[in-house]
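K.L.:
One predicted model, sequence on top.
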Amino acid sequence: MSFSNDEIAQAKHVSNFFNLTNNGSFAGNFGSSNTAGNITVGDVSVEKTVDLAKQIEQLLPHLTSAGVSEQALVSSLSTIKSEADKPHPSQGVVKAALTDIRNALSGAAGNVIATGILAEIAKLFTS
């Protein structure tokens, strides 16, 4: 493949425009074609996580019928409950349990209930 003189000239004049503003904090990649996974800044709300865990428990029959591993969910939900009962819950343990729930639900991503829970988990990680 070869390029015309006009194409070569246009390629030399690539300009990047960056408009930097103060948005409080930044986490992730800056630029195009960059990827990052599981960037979490700050703590998750243990109270909101427990509320979500209670809702997931009520929806277990629907989730397992959609192919979600009941054992994986029950284990993670139990971890969240036991951690929340501690005077100083470990953020790492709570986040790991949420990640395990997210991973378990990813197999049922076409299920409306699972998709809604995945969205709520994403909110917990970004709030």
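P.N.:
Looks like it came in fine.

K.L.:
Just give the nearest non-adjacent residue to Leu52, would you?
P.N.:
Leaving aside its chain neighbours, Leu52 sits nearest to Glu120 (5.5 Å; criterion: Cβ to Cβ, 6 or more residues apart in numbering). C-betas here are computed from N, CA, C, even on glycine.

K.L.:
So what does that neighbour look like in phi/psi?
P.N.:
phi -70, psi -40 (degrees, to the nearest 10).

K.L.:
Wait, it touches Asp51, no?
P.N.:
No. Taking contacts as Cβ atoms under 8 Å, Glu120 lies outside contact range of Asp51: 9.4 Å.

K.L.:
Tell me the spacing between the residue nearest to Leu52 and Glu70.
P.N.:
Going from Glu120 to Glu70 by Cβ to Cβ, to the nearest Å gives 19 Å.

K.L.:
mind listing the helices for this protein?
P.N.:
5-12, 46-58, 60-65, 70-84, 91-105, 112-126 (DSSP state H).

K.L.:
The residue nearest to Leu52 - how many residues pack around it?
P.N.:
For Glu120, the count of nearby residues is 15 (other Cβ atoms under 10 Å).

K.L.:
which intervals of the protein have sub-threshold pLDDT?
P.N.:
Within the chain, the stretches falling below the threshold (pLDDT under 70) are 1, 12-42, 109, 127.

K.L.:
what's the most buried one of the helices of the chain?
P.N.:
For the helices of the chain, the largest average neighbour count (mean count of other Cβ atoms under 10 Å) is found in helix 91-105, namely a mean of 18.

K.L.:
which secondary structure elements does it contact?
P.N.:
With contacts taken as 3 or more Cβ pairs under 8 Å, 6 or more residues apart in numbering; DSSP states H and E, helix 91-105 sits against helix 46-58, helix 70-84, helix 112-126.

K.L.:
run the last query once more with 10 Å
P.N.:
Helices and strands touching helix 91-105, as assessed by 3 or more Cβ pairs under 10 Å, 6 or more residues apart in numbering; DSSP states H and E, comprise helix 46-58, helix 60-65, helix 70-84, helix 112-126.

K.L.:
quick one: which of those helices is nearest Ala104?
P.N.:
Closest to Ala104 of the helices and strands packed on helix 91-105, according to Cβ to Cβ: helix 70-84, at 4.1 Å.

K.L.:
All good on my end, thank you.
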